[in-house]
Structure formats: structure tokens, C-alpha cells
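A.B. asks: just coords:
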């Protein structure tokens, strides 16, 4: 999907009909639009999503006021006007014109949200235009609304992607975008099919088969209930964790609590490190014992073995004067080295055979030689094991003491924050403790539900095996059982496919996330996408990865990196799934349209984010203020800019608030006062 243009008609601040061209190419994929705070950047961003889905983001106030205020005020009672947004775009070889519009009739000075209609036209190969009869369904097939937030977003709020409450939603959205949702739907549909089949088994299969199937149905009902409870628990945990983090952030910002909370944050980080180091040392000790512990018991054995070898050498048995392989060859050839024939039963044959009994085997002698060398090494290996174990035990002891000390410090800091003399701080700390306790209860319940699910699954498998052995005389019931077994086989296969595909997609997305983030950040942080699609940052500390408390800027960088990675992977997946010949050039291509993407970033990050997004996004539309956009952002984006514009703010203010913006060496209107009506003008620079 590549956007060619957007046209607004009386849409909120934008009075009249205003058009901005956005068509770009791979060499210059960027459209850059400047606007002052309140000029209409957020409105313009929401114009895209309103045209596509009829919705606007939650941060848009007064959503019923769709028509430009000045246009609405000028309307007489009973009069009407149109509000509309039109998008022109292409997708996988076809050009489209999308128009969502509403006729707003004035009944009073207050606007009522108008009922909008959507129309979609598709341009055919011969140049003719065809009306799409189900326009909204076609739009959903081009870009599902649930994944649009990865491509149309406010940069200041995109960091919500890294909040704990967003992970389950993000996971589902990613599944939809990467074509994993269909497999999940199939898995969800199979139990309904199975219930219809097993109804015949219960009815005609006999008492035993019916009894077993009833037990299986009960287990599956419990399984469904437990899975639903687990989903609720995961959501509750995410919400509680997010609420706890908000309380902690308030403590960090509180004048009285800030120093204590800062110290507690430091202690918490050190405590997490100490616990990790303690666990690593315990694991190292266990590994040493498991893999090399036998060395501790080899001292006496090695001594006895060495003594045995020495005795054999003294007797002349090692090395043997004659090798058995050599004697065997003489007997096989039937001739001694002196030329005497060695016929079976002759005296010469008996003499040589006697020598065979005294001869030594080459392989035995080689083994003895190798063992002798290993015996020598055992002493050093035992000493090395002793030293390594001592070092591990010392580390365990040190880290245990550190954990104890830090826990005591943490407890003392908790007590300071709970001091009744700091009443407001005490309330926050009390709330934090309450949230921690509730999180602990939820985690405990989550563990119990997971254990119950595992037990239920084992019981289902056991009952299914019993059902297969139960005697069924009715042919219809026998067929139902066979088909039910097949359904279960299909379900298991689909679950394995989903697990494999999900892990593959997650691994690919994680790799791309690391690549993009590495091009932006200047800090030695490692982003990671967990199996539950949780975004987190880690830092390698002496070989141990520790979680990094993320700042607002780092949250934004992590989220932007994730969006860029999703965009790139979506293109790859859509291209790969086209088994029928070559895919279109824009298969899986979606524009990234973003507002206020650089506000929380310092200048270095502004520069790096601008550079990476300009190089990675197939089409990038960026709305920025003068303070955000000039300097590093413009410097990095300018070589990639195909369209440049300004949202000029026209205000009725009588004060001299007029302001210009200089772009490419030319001054353009940015804010204009003394206007007849407040409105926004979408001015094209190039």
C-alpha cells in the first residue's frame, strides 16, 4: 500500500478543500510536513485513519465536531455542508480511490456526530474504474484496522507498545499481520467439530465409550475455563504491574521521596544483579559436580592402575616382545619367518601357536599407553576441579552475603518511605506494597492454573487412549470415534505448526529489532522480544544480562525500532506467501505515517532515528513542529524528501503572534494572526 494523496474537505481545522500529494519512490520515500503545536498535525494523522476505518484516536478531543468551526458557524439553521477525507493509493498492482464523507445538517449551534458513508473505487488494467460493493471489507483485507497502529501513530504515545498491558494486544496484532491468525482460528474451530462427532459416540457407542467421552467432555470444559482464567490473569498481572510502575514513577518524582526512591532503584538493580550472580554461581557449581565430579574419586583408582601398569612392565608383559597380530598372520600364511611350513598339527605349528598365547595385542598395548598418559593428567584435573569448586563456593557465599545485605538495605528504605511523617509518600508506598502483594497472589494463581492445565491435558490423553480401546459395536459410533481421533491429530498438528511458525516469526522479528535498534542507540543495550512479544532492554554485565530500567526516550526508540522491524518483516512475509509467481513490487508494503516522533529524544537520537526510518520505511510521512524538525531531523531526512509542506496556523488573535519558518533557505508562513477565522492551511512547499 502506497498513498498517493490526501484531500480534506471541511475536516476539523482544515476548511474548504485542501489536497497534499504524497506519492514517493524508493529513492525519496519521505514526505515532511511542519506545523506548530495545535496547528492540526494530530488532526491530519487522524484524517488517514478516519478515511480508512471511520475512527479517530482517543487523544482527539471533541470528536463530534467534525466540521470546521468557522464553516459550521457560518451555516444557517437547517443548512448543511459536507465533511470528507479522500485517499488515493495503490496496493499490489491496483490503484484505489477511497472517500469517506458525511452530510452534516445544522440543527443547533452544537455539532452532532454525523453518520459517514464510505466509497471505494478500483482502477482496472484498461483504465476504467470499478466501484467496490463492500468497501470496508476490502479496506480491512488491505490493512486490518487492528494492525494499523503500527503504521499510523503518534510518536509521543507509541511508547505504549512497551507497556506491560499492551503485550497481549501486540501479540494478536502481530499474528494477524504475519498470517498466523488463520491457524489459531482453525484450532479454535476444531473443538466444535469434535463435539458434533462425539455426540454420536456418546449416543451409540455403548455405556463404557459413552462414559469415557463424557469424562473427556468434562475435562475439555475445565480446560477451556482454565485457559480463559489464565488469559484474565495475564491481563490482570499486566495491568497491576503497569499500575505499580506508575506509583514507583510518582515516588521518583516526589520531592520528599525522590532521593530515597532513587537509592531504592539503585539497590533494586544491585539486588537483581546479586541474585542473578548467586544463581549463576550455584548453577556453575552444579554443572561442575555433574560433569566433572567423578574426578574427586579417581585418586586411589589412578594409583592402583599405575601400579598395575608398572608391574606388567617389570615382567616384560608391557611392551610385549611379540604382537599377536603378527603370529596370527604367520599361522594364516602357513609359513614361519624361518621358512618352516606351519601345517596344522605339526610340531612347528604347535610351537608357533604357543607363542600366540604369550604375544600381546597391539590394541591392548595402545590402550595401556593412552591410559598411562591419562593417569598423569588426572592429578591436574582433580586439582583444577578442586580450585573451580572452591571459587564457585566462594562466589556463592559472597553473593549470598550481598543479597542479604541489599535486602536489609531495601527493607530499611521501604521503612523510610513508609514513615508516617511523610503522609503523602506513605500513601504511595502503601499502594505500591498493596500492588506488589496483589501481583504475588496473581502470580501464584497463574502458576496453579498452568499446573492444572498440564494435568488436565495428561488426563485427556489418558482418557482418549482408553476410548480407543473401548468396545464399540455400532458402526456409526465407530466412525465417529475414528473421525474424532483424526480431529485430535489435526489439532495437534496445527498446534505444532502454530508453535513453530510463531517462534520462527518471533525470532525473525527479534533479529530485525536488534538490527534496527543497534543502528540507532549509542548505549550498549540489547533489545529482546520475549515469547509473549514483550519488549525489553538488557545490558551485559560481566557476562550476565540484566534488565535495564527504560527512560521515556529509550521507550520511544525501542517502540520505533519495533515498528520499523514489523514493517520490514511484513514485506518479507507477504512476498514469501505468494506461491503463484512473482509477487507485486509492493507486496506487504505499508506506509508509516507518524506525528511528533522526536519530541522525547535528544539530538543524537533524533538524527539516528531519522536516518534509520528514512532508509527502512517504504513510504514515510512525518509531521513535526519547528522545534522538533529543524536541525538534525531535517538534515537527515532532506536527501530522502519528495514532498515538503507546512500546516499554516491562522488565528484570530489580535496580538502579533505571526511567525515564519525557514525551509531550504526560504521563509514561509508558519503562524499568521489577525485572521477572520481560526483554521489551518495545508501549504505545499514542494
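C.D. replies: Happy to help now that I have it. Not measured: the values here are computed from a predicted model.
A.B. asks: ok, the helix or strand where residue 680 lies: who's next to it in the sheet?
C.D. replies: Element membership of residue 680 [criterion: DSSP states H and E] is strand 679-684. Paired strands of strand 679-684, with direction, are strand 641-650 (antiparallel) (DSSP bridges).
A.B. asks: would you mark the buried spots in the strand it pairs with?
C.D. replies: Neighbour-count burial for strand 641-650, counted by 16 or more other C-beta atoms under 10 Å, picks out 641, 642, 643, 644, 645, 646, 647, 648, 649, 650. Where you see a C-beta, it was placed from the backbone N, CA and C, and this is true even at glycine.
A.B. asks: and these, which two are furthest apart?
C.D. replies: Farthest pair in those (C-beta to C-beta) is 642 and 650. Separation: 26.6 Å.
A.B. asks: now residue 65: phi and psi?
C.D. replies: With angles defined as degrees, to the nearest 10, residue 65 sits at phi -80, psi 80.
A.B. asks: which non-adjacent residue is nearest it?
C.D. replies: Of all residues not flanking residue 65 in the chain, residue 111 sits nearest, at 4.8 Å (C-beta to C-beta, 6 or more residues apart in numbering).
A.B. asks: contacts for stretch 66-73, please.
C.D. replies: Contacts with stretch 66-73, where a contact means C-beta atoms under 8 Å, 6 or more residues apart in numbering, come from 10-16, 65, 81, 83, 102, 104, 106, 109, 111, 113-114, 676-679.
A.B. asks: let's go with 7 Å and repeat that
C.D. replies: If you take C-beta atoms under 7 Å, 6 or more residues apart in numbering as the criterion, stretch 66-73 is touched by 10-15, 81, 83, 102, 104, 106, 111, 113-114, 677-679.
A.B. asks: show me which of these are buried.
C.D. replies: By neighbour count, with 16+ other C-beta under 10 Å, the contacts of stretch 66-73 hold 10-15, 81, 83, 102, 104, 106, 111, 114, 678-679 as buried.
A.B. asks: just the residues you listed: which are in strands?
C.D. replies: Among those, the residues falling in strands (DSSP state E) are 10, 11, 14, 15, 81, 83, 102, 104, 679.
A.B. asks: now residue 459, what's its secondary structure?
C.D. replies: helix (DSSP: H, G, I helix; E, B strand; the rest coil).
A.B. asks: same thing with residue 96?
C.D. replies: Classification of residue 96 using three-state DSSP returns strand.
A.B. asks: what is the neighbour count of it?
C.D. replies: By other C-beta atoms under 10 Å, the residues close to residue 96 number 21.
A.B. asks: where does it land on pLDDT?
C.D. replies: According to the prediction, residue 96 has pLDDT 93.
A.B. asks: what's the answer for residue 683, then?
C.D. replies: Taking residue 683 on its own, its pLDDT is 92.
A.B. asks: isn't it up against residue 649?
C.D. replies: No: using C-beta atoms under 7 Å, residue 683 is not in contact with residue 649; the gap is 10.8 Å.
A.B. asks: pull out the buried positions in stretch 257-264.
C.D. replies: 257, 260, 261, 264.
A.B. asks: go through those and name the one nearest residue 20.
C.D. replies: Of these, the one sitting nearest to residue 20 (C-beta to C-beta) turns out to be residue 261, at 46.9 Å.
A.B. asks: nearest residue to that closest one in space, please, no chain neighbours.
C.D. replies: Excluding its sequence neighbours, the residue lying closest to residue 261 (C-beta to C-beta, 6+ apart) is residue 251, at 4.2 Å.
A.B. asks: do you know the pLDDT at that neighbour?
C.D. replies: 75.
A.B. asks: what do you get for residue 448?
C.D. replies: Residue 448 carries a pLDDT value of 93.
A.B. asks: shouldn't it be within a strand?
C.D. replies: No: counting by three-state DSSP, residue 448 is not part of a strand but helix.
A.B. asks: let's have the chain start at 16 instead
C.D. replies: Happy to do that; since the first residue is 16 now, the last one works out to residue 463.
A.B. asks: any idea how far residue 605 is from residue 160?
C.D. replies: Relative to residue 160, residue 605 is positioned 13 Å away (C-beta to C-beta, to the nearest Å).
A.B. asks: the more surrounded of these two?
C.D. replies: Shown here are residue 605 and residue 160; by other C-beta under 10 Å, residue 605 has more neighbours (26 against 16).
A.B. asks: tell me the contacts of residue 217?
C.D. replies: Neighbour list for residue 217: 225, 228, 229 [criterion: C-beta under 7 Å, 6+ apart].
A.B. asks: that one and residue 233, how far apart?
C.D. replies: 12 Å.
A.B. asks: pull the longest helix from the chain.
C.D. replies: helix 377-432 (DSSP state H).
A.B. asks: which strands and helices lie in contact with it?
C.D. replies: helix 273-307, helix 314-330 (3 or more C-beta pairs under 7 Å, 6 or more residues apart in numbering; DSSP states H and E).
A.B. asks: if you set the cut-off to 8 Å instead, what comes out?
C.D. replies: With contacts taken as 3 or more C-beta pairs under 8 Å, 6 or more residues apart in numbering; DSSP states H and E, helix 377-432 sits against helix 273-307, helix 314-330, helix 438-484.
A.B. asks: quick one: average pLDDT of that helix?
C.D. replies: Mean pLDDT, computed over helix 377-432, is 77.
A.B. asks: quick check: angle from it to helix 438-484?
C.D. replies: In terms of direction (axes from the mean of the first three to the mean of the last three C-alpha atoms, to 10 degrees), helix 377-432 departs from helix 438-484 by 140 degrees.
A.B. asks: which stretches of the stretch 166-315 of the chain have low pLDDT?
C.D. replies: Within the stretch 166-315 of the chain, the stretches with pLDDT under 70 are 170-196, 270.
A.B. asks: can you pull the domain assignment for this structure?
C.D. replies: For the chain, the domain assignment from automatic domain parsing gives the residue ranges 17-158+605-699, 285-432.
A.B. asks: start and end of the first one, how far apart?
C.D. replies: Domain 17-158+605-699 stretches 19 Å from its first residue to its last (C-alpha to C-alpha, to the nearest Å).
A.B. asks: ok, now the last one?
C.D. replies: Start-to-end span of domain 285-432 (C-alpha to C-alpha) is 19 Å.
A.B. asks: where along the stretch 466-615 of the chain do the strands fall?
C.D. replies: For the stretch 466-615 of the chain, applying DSSP state E, counting those that start in this stretch gives strands covering 540-544, 550-556, 559-562, 607-610.
A.B. asks: show me what the first one is packed against.
C.D. replies: Okay, so that is strand 540-544. Checked by 3+ C-beta pairs under 8 Å, 6+ apart, strand 540-544 has helix 490-535, strand 550-556, helix 567-591 packed alongside it.
A.B. asks: phi and psi next, for residue 104.
C.D. replies: Per degrees, to the nearest 10, the backbone of residue 104 is at phi -150, psi 170.
A.B. asks: from residue 136, how far out is it?
C.D. replies: Counting by C-beta to C-beta, the gap from residue 104 to residue 136 is 12 Å.
A.B. asks: so between these two, which is more surrounded?
C.D. replies: Counting neighbours by other C-beta under 10 Å for residue 104 and for residue 136 shows that residue 104 has the greater number, 23 against 15.
A.B. asks: check which helix or strand the nearest residue to that one once chain neighbours are set aside maps to.
C.D. replies: With C-beta to C-beta, 6+ apart as the criterion, residue 104 has its nearest non-adjacent residue at 4.7 Å, and that residue is residue 18. Following DSSP H and E, one finds residue 18 within strand 17-26.
A.B. asks: ok now that strand, how far from the chain's centre?
C.D. replies: 33 Å (C-alpha atoms, centre = their mean, to the nearest Å).
A.B. asks: same deal with stretch 307-319?
C.D. replies: Worked out by C-alpha atoms, centre = their mean, stretch 307-319 lies 49 Å from the chain centre.
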